[in-house]
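Enquirer: Just to be clear, the model below is a prediction. Sequence and coordinates:
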Amino acid sequence: MSDGGDVSQRALVLAPTGRDAAVAAAILKEAGAPVEVCETLDSLQARLSEGAGLAVVVEEALRDCDLSGLAAWIEGQPSWSDFPFVVLTKRGGSVERNPAARRLSDTLGNVSFLERPFHPTTLVSAVQTALRGRRRQYEARERIEEIRRAEAMLERRVAERTAELEAANRQLAEQIGEREKVESALRQAQRLEAVGQLTSGVAHDFNNLLTVILGNVEQMRKRAEDPALIRRLAMMSEASQRGARLTAQMLAFSRQQKLEPRPVDLNGTVRSMRDLLQSTIGGSVQIAEPRLAEDLWPAMIDPTQIELVILNLAINARDAMEVGGSLTITTANVTLGEPDTPEAPAPGDYVMVSVTDTGSGMTDDVRARAFEPFFTTKEVGKGSGLGLSQVFGLAKQSGGGVAIDTEVGRGTSIKVFLPKASGAPAEPGVEAGAGPVAHEDHLVVLVVDDDDAVREVTAGLLADLGYNVVEAGSGGAALDLFERHDEISAVVLDFAMPGMNGADLARELRARRPRVPILFATGYADAEALMGVGDHQIVHKPFVQAELARKLSRSFATG
């Protein structure tokens, strides 16, 4: 414990006349107590302010003096201090019988009277007792200071903890808000997933129907001679192909696939989406004539995904406008410098496609968060907040970027920058380096499909190409035919079948004859299950004879 050292332990002696001061000092020094003799009352008060353990004062030094200064010092002591005085008096008796002693007792407070003459042992005992009491006061002071330090530390910790709790509460409130947004987005995503699953299942059957229609139209066109009939069959073929394109575009919402970038003519993409955009946007806003750049560079992008991007942007634009607004799609060749935003692409040549609306525009705060996942300004249930983040993700994954030009009250233009392709886009329906090849070797092809009409159309197309065809309506029947006909050279296999599906049947067939080529015919519903199968092994329903011939020819070449 720290008590201030010798200064705080010293005994102050005030005995201005006679030998009392010298005698008392000598006795106390011999007892081991530090002693300082004061000549006057003022000197005593000065020493008291510096620190002391007790004061030994002769009564007559205080009898006729002004004790107001000393009384003020005593009154001003801190709460832990009760400074001890030992008064040497010549008059005995109790305080009640000694008026001077009563006055000093009232003024000094903690005072002991020692009648002279006294034995040295008595003085030493009184002083030591007083010093022990003073040391207890110092200990109390230390305890009080420790308590105050502890209180101060506790207050700091309480303040810190309170601040931490307030911060935690704010974070919790933010997390609750974010969780509510995520839960809302999840519910929306679940609804979209349910719609996607329903669309996927319906599309399989719908594509089977389109396959039958297209196959029969194609067969009939070969034999038709009446120009009017030929024209009507052409109209039926075009309508069926348009239905197939619409189905494929709708299924893009429910498919998750790796990007398959290739050179794409964005002008052609925009033109081909006109009907889909009109049916999706509805009649509340006008779709203006697209502003398509002449000599547009081919873009390196997954064609299905860029259609989804344009559709997403068009829906966002529609939702940002009142009835009567206008939507414009633009394409252009651009050369960009250093990016000025995180979502902008690196310097270089890009093909730009933009969707511009005449809607409400974006504030700076909304603009800054526009590409964040789950961020949306739409009402709950009106949007998932994933549209622009998907656009941004696709553009970045493809090696490009995005930009936003917006003005509150004037509208918004979302620009998507896609890498310039080095090669030219393939012509629609024509695969580079491959053409419809009809075999003349009378090879035997096994056609497996649970839909009788699809199987019959597929067999007819293959027969016209010069193949010998055997048919099976199930996986079990196909295995039986495969074991009985060693001459089967290839298999055209429907993927989605009840019981043994196409994947299971393909494993069984390869286990028996690994080198026989297998071509999967799928209605898009099986895209995820066919992720590991090469594109040359898949023909998408509805297909035409040229596509079927090309894919089967490639299967023979790579098998």
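Expert: Structure received.

Enquirer: Pull the number of nearby residues for residue 508.
Expert: For residue 508, the count of nearby residues is 14 (other Cβ atoms under 10 Å). Any C-beta I mention is one placed from the backbone N, CA and C, and that applies to glycine too.

Enquirer: Show me what the strand or helix carrying it is packed against.
Expert: Here residue 508, judged by DSSP states H and E, is contained in helix 502-512. Counting contacts by 3 or more Cβ pairs under 8 Å, 6 or more residues apart in numbering; DSSP states H and E, helix 502-512 packs against helix 475-484, strand 488-494, strand 518-522.

Enquirer: for the record, mean pLDDT for the first one?
Expert: When the per-residue pLDDT values of helix 475-484 are averaged, the result is 88.

Enquirer: Any idea how far it is from the middle of the chain?
Expert: Counting by Cα atoms, centre = their mean, to the nearest Å, helix 475-484 is centred 53 Å from the centre of its parent chain.

Enquirer: Report the buried residues of that helix.
Expert: Within helix 475-484, the residues scored as buried using 16 or more other Cβ atoms under 10 Å are 475, 478, 479, 481, 482.

Enquirer: Tell me where the stretch 401-550 of the chain has strands.
Expert: With DSSP state E, counting those that start in this stretch applied, the stretch 401-550 of the chain shows strands at 401-407, 411-419, 444-448, 468-472, 488-494, 518-522, 538-540, listed in chain order.

Enquirer: tell me the angle the fifth one makes with strand 444-448.
Expert: The one in question is strand 488-494. Following axes from the mean of the first three to the mean of the last three Cα atoms, to 10 degrees, one obtains 20 degrees for the angle between strand 488-494 and strand 444-448.

Enquirer: Tell me where the stretch 51-200 of the chain has strands.
Expert: In the stretch 51-200 of the chain, the segments counted as strands under DSSP E, counting those that start in this stretch are 54-58, 85-89, 111-115.

Enquirer: Give me the sheet partners of the last one and which way each runs.
Expert: Taking DSSP bridges as the criterion, strand 111-115 forms sheet pairs with strand 85-89 (parallel).

Enquirer: and residue 220, what does it touch?
Expert: Residues in contact with residue 220 (Cβ atoms under 8 Å, 6 or more residues apart in numbering) are residue 233.

Enquirer: before we move on, which element is it in?
Expert: In this structure, residue 220 sits in helix 120-223 according to DSSP H and E.

Enquirer: Kindly report the same for residue 304.
Expert: With elements taken from DSSP H and E, the one containing residue 304 is helix 303-319.

Enquirer: which helices and strands sit right next to that helix?
Expert: Here helix 303-319 is seen to pack against helix 227-251, strand 262-264, helix 266-272, helix 274-281, strand 326-336, strand 348-357, helix 387-397, strand 411-419 when contacts are counted using 3+ Cβ pairs under 8 Å, 6+ apart.

Enquirer: okay, it in PDB with CA atoms only?
Expert: Listed in PDB are the C-alpha atoms of helix 303-319, where the atom choice follows Å, rounded to 0.1, in the frame of the first residue of the first chain:
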ATOM      1  CA  PRO A 303     -26.900 -17.000 -77.600                       C
ATOM      2  CA  THR A 304     -29.600 -18.400 -75.200                       C
ATOM      3  CA  GLN A 305     -28.200 -16.300 -72.300                       C
ATOM      4  CA  ILE A 306     -28.100 -13.000 -74.300                       C
ATOM      5  CA  GLU A 307     -31.700 -13.500 -75.200                       C
ATOM      6  CA  LEU A 308     -32.400 -13.900 -71.500                       C
ATOM      7  CA  VAL A 309     -30.500 -10.800 -70.700                       C
ATOM      8  CA  ILE A 310     -32.400  -8.700 -73.300                       C
ATOM      9  CA  LEU A 311     -35.700 -10.100 -72.000                       C
ATOM     10  CA  ASN A 312     -34.700  -9.300 -68.300                       C
ATOM     11  CA  LEU A 313     -33.800  -5.700 -69.300                       C
ATOM     12  CA  ALA A 314     -37.000  -5.300 -71.200                       C
ATOM     13  CA  ILE A 315     -39.100  -6.400 -68.300                       C
ATOM     14  CA  ASN A 316     -37.200  -4.100 -65.900                       C
ATOM     15  CA  ALA A 317     -37.800  -1.200 -68.400                       C
ATOM     16  CA  ARG A 318     -41.500  -2.000 -68.600                       C
ATOM     17  CA  ASP A 319     -41.800  -2.000 -64.800                       C
END
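
Enquirer: Can you give the distance of that helix from its chain's centre?
Expert: How far helix 303-319 lies from its chain's middle: 24 Å, per Cα atoms, centre = their mean.

Enquirer: re the thing from before, ok, which of the helices and strands packed on helix 502-512 comes nearest residue 23?
Expert: The stretch from the helices and strands packed on helix 502-512 with the least distance to residue 23 (Cβ to Cβ) is strand 518-522; that distance is 121.3 Å.

Enquirer: report the angle between the axes of the closest one and helix 120-223?
Expert: Taking the same axes, to 10 degrees, one finds strand 518-522 and helix 120-223 inclined to each other by 100 degrees.

Enquirer: mean confidence for strand 518-522?
Expert: In this model, strand 518-522 has a mean pLDDT of 86.

Enquirer: So what are the sheet partners of that strand and their directions?
Expert: Sheet neighbours of strand 518-522, with direction, are listed as strand 488-494 (parallel), strand 538-540 (parallel) (DSSP bridges).

Enquirer: Please write out the alpha-carbon positions of stretch 544-559 in CSV.
Expert: This file holds the C-alpha atoms of stretch 544-559, laid out as CSV (Å, rounded to 0.1, in the frame of the first residue of the first chain):
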residue,chain,number,x,y,z
VAL,A,544,-35.9,-31.2,-88.8
GLN,A,545,-34.4,-33.9,-91.0
ALA,A,546,-31.3,-31.9,-91.9
GLU,A,547,-30.4,-31.4,-88.2
LEU,A,548,-31.1,-35.1,-87.4
ALA,A,549,-28.9,-36.2,-90.3
ARG,A,550,-26.1,-33.9,-89.3
LYS,A,551,-26.1,-35.0,-85.7
LEU,A,552,-26.3,-38.7,-86.5
SER,A,553,-23.5,-38.3,-89.1
ARG,A,554,-21.3,-36.6,-86.4
SER,A,555,-22.1,-39.4,-84.0
PHE,A,556,-20.8,-42.0,-86.5
ALA,A,557,-17.7,-39.8,-87.1
THR,A,558,-16.9,-39.5,-83.4
GLY,A,559,-18.1,-42.8,-82.3
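
Enquirer: Mind listing what's buried along it?
Expert: 544, 545, 546, 547, 548, 549, 550, 551, 552, 553, 554, 555.

Enquirer: between the helix holding residue 220 and helix 227-251, how big is the angle?
Expert: For helix 120-223 and helix 227-251, the angle between their directions (the same axes, to 10 degrees) works out to 170 degrees.

Enquirer: where does helix 120-223 sit relative to the chain's centre, distance-wise?
Expert: Here helix 120-223 shows a centroid-to-chain-centroid distance of 14 Å under the convention Cα atoms, centre = their mean.

Enquirer: Same check on stretch 345-362?
Expert: Its chain's C-alpha centre lies 25 Å from the corresponding centre of stretch 345-362 when counted by Cα atoms, centre = their mean.

Enquirer: Which phi and psi values does residue 39 adopt?
Expert: phi -90, psi -30 (degrees, to the nearest 10).

Enquirer: Okay, it and residue 87: tell me how far apart.
Expert: Taking Cβ to Cβ, to the nearest Å as the criterion, residue 39 is separated from residue 87 by 18 Å.

Enquirer: Equivalent analysis for residue 476, please.
Expert: The separation that residue 476 has from residue 87, given Cβ to Cβ, amounts to 123 Å.

Enquirer: Could I get the contacting residues of residue 414?
Expert: Residue 414 makes contact with 313, 316, 317, 354, 355, 356, 388, 391, 402, 403, 404, according to Cβ under 8 Å, 6+ apart.

Enquirer: Let me fix that, I meant to ask about residue 110.
Expert: Contacts for residue 110 (Cβ under 8 Å, 6+ apart) come out as 82, 83, 84, 85, 133.

Enquirer: between the residues you listed, which is closest to residue 331?
Expert: Within the contacts of residue 110, distances to residue 331 taken as Cβ to Cβ reach their minimum at residue 82, with 95.3 Å.

Enquirer: Cool, thanks, talk later.
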